[in-house]
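Trainee: sequence first, predicted model second:
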Amino acid sequence: MSHFDDIYEVAADNYGLVTSAQARDLGVTKAELSRWVASERLERRGRGVYKLIKYIPTDLDPYAEAVALVGDGSFLMGESVLAMHGLALVNPRRLSVGTTGRIRKSIPDWIAPQTVKGKTTTRYEGIPSQTIAEAILDCRGSVMPERLQSAADEAREQGLITKTEYEQVKEGLS
């Protein structure tokens with residue numbers, strides 16, 4: 001298999017995205033990445049993040065890309081988690097991405113990076129995220145209470161939160 005085939009396999013399982021660290025782990029050099037960008041097989045999306053040109057986009061692509069652009073250890077937060085799941089009728093202008101480390105690189109305007117500690121994280125559809133229960137509670141004050149109540153009900157119906165989490169969220173919202 002060629003190096004591009006290896007890159008394709010990784011990217012196909014990651015919303016068309018591959019990082020330079022993942023490429024390095026596969027034995028791909030920076031020169032090869034640059035050559036594939038020049039030949040329009042890959043598109044450079046940000047520092048260390050590349051996307052396949054021939055890739056069928058999904059609704060979750062912006063969320064995966066936002067997390068990849070902020071870097072290792074980052075995750076979706078708050079309204080962005082709710083938007084990803086279609087909860088609470090939120091449509092944030094900027095995707096909130098949390099990280100535990102410092103952010104030293106340039107980030108696109110459509111991403112709102114934040115350095116945070118103590119958030120409970122998980123993966124939804126392979127994308128690192130704050131838990132839905134915690135995201136609902138963190139949105140108090142920025143999203144109407146009725147929408148948060150509705151989001152909790154819908155998340156429980158869809159099996160996105162456990163009965164215990166549902167009860168904690170309901171208590172936290174009252």
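Mentor: Right, received. Where do you want to start? Numbering: from 1, shown residues only.

Trainee: same for the longest helix seen in the chain, what does it pack against?
Mentor: Ordering each helix of the chain by length in residues (DSSP state H) puts helix 145-157 first. Helix 145-157 sits against helix 132-138, helix 163-173, with contacts defined as 3 or more Cβ pairs under 8 Å, 6 or more residues apart in numbering; DSSP states H and E. In short, each C-beta sits where N, CA and C put it, glycine included.

Trainee: now with 10 Å, please.
Mentor: The contact analysis (3 or more Cβ pairs under 10 Å, 6 or more residues apart in numbering; DSSP states H and E) places helix 145-157 against helix 78-84, helix 132-138, helix 163-173.

Trainee: dump these into CSV; add mean neighbour count as well.
Mentor: Listed next are these as CSV, based on neighbours: other Cβ atoms under 10 Å:
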stretch, mean neighbour count
helix 78-84, 25
helix 132-138, 24
helix 163-173, 15
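
Trainee: let's have the ones you listed in CSV, adding distance to Pro92 and mean pLDDT.
Mentor: Formatted as CSV, these follow (distance: least, Cβ to Cβ, whole Å; pLDDT from 0 to 100):
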stretch, distance to Pro92, mean pLDDT
helix 78-84, 4, 95
helix 132-138, 12, 95
helix 163-173, 20, 93
